[in-house]
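Asker: give the three-dimensional model of this entry:
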Amino acid sequence: MECPSPHQEELGSDGLAALLSANSPLASADLLEALVWDLSRHAGGVEFPDDVSA
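Answerer: Predicted coordinates for the structure are as follows:
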């Protein structure tokens, strides 16, 4: 959950849980893509500090 916003606010467990809940109807590949887009939006469109893998 190390995905800082432009204001250096981490996503955290609660933020991840909210993203998973919002995207729960999606199948696995679509869920992963939606999470990457949501994380990118949270990060302000900058590159993630860590890798993202399935």
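
Asker: any idea of the mean pLDDT for stretch 30-40?
Answerer: Model confidence over stretch 30-40, given as mean pLDDT, is 92.

Asker: going forward, count from 59.
Answerer: Sure, I'll start counting at 59 from here, so that last one is stretch 88-98.

Asker: low-scoring stretches of this protein, by residue?
Answerer: Segments of the chain classed as low confidence (criterion: pLDDT under 70) are 59, 106-112.

Asker: host element of the residue at minimal distance from the centre of it?
Answerer: With distances taken as Cα atoms, centre = their mean, the residue of the chain nearest its centroid is residue 97 (2.9 Å). Element membership of residue 97 [criterion: DSSP states H and E] is helix 86-100.

Asker: so which elements touch that helix?
Answerer: Helices and strands in packing contact with helix 86-100 are listed as helix 70-80; criterion 3 or more Cβ pairs under 8 Å, 6 or more residues apart in numbering; DSSP states H and E. From N, CA and C alone the C-beta is placed, and that goes for glycine too.

Asker: related to what we said a few turns ago, isn't the residue nearest to the centre of the chain up against residue 68?
Answerer: No: using Cβ atoms under 8 Å, residue 97 and residue 68 do not qualify as a contacting pair, with a distance of 11.5 Å.

Asker: which neighbours do those two share?
Answerer: Both residue 97 and residue 68 are in contact with residue 61, where contact means Cβ atoms under 8 Å, 6 or more residues apart in numbering.

Asker: follow-up on the earlier one: secondary structure element for the spatially closest residue to the residue nearest to the centre of the chain that is not a sequence neighbour, which one?
Answerer: Nearest residue to residue 97 in three dimensions, chain neighbours excluded: residue 61, at 5.1 Å (Cβ to Cβ, 6 or more residues apart in numbering). Take DSSP H and E as the rule and residue 61 turns out to sit in neither a helix nor a strand.

Asker: residue 61 - how many residues pack around it?
Answerer: If you count neighbours by other Cβ atoms under 10 Å, residue 61 ends up with 20.
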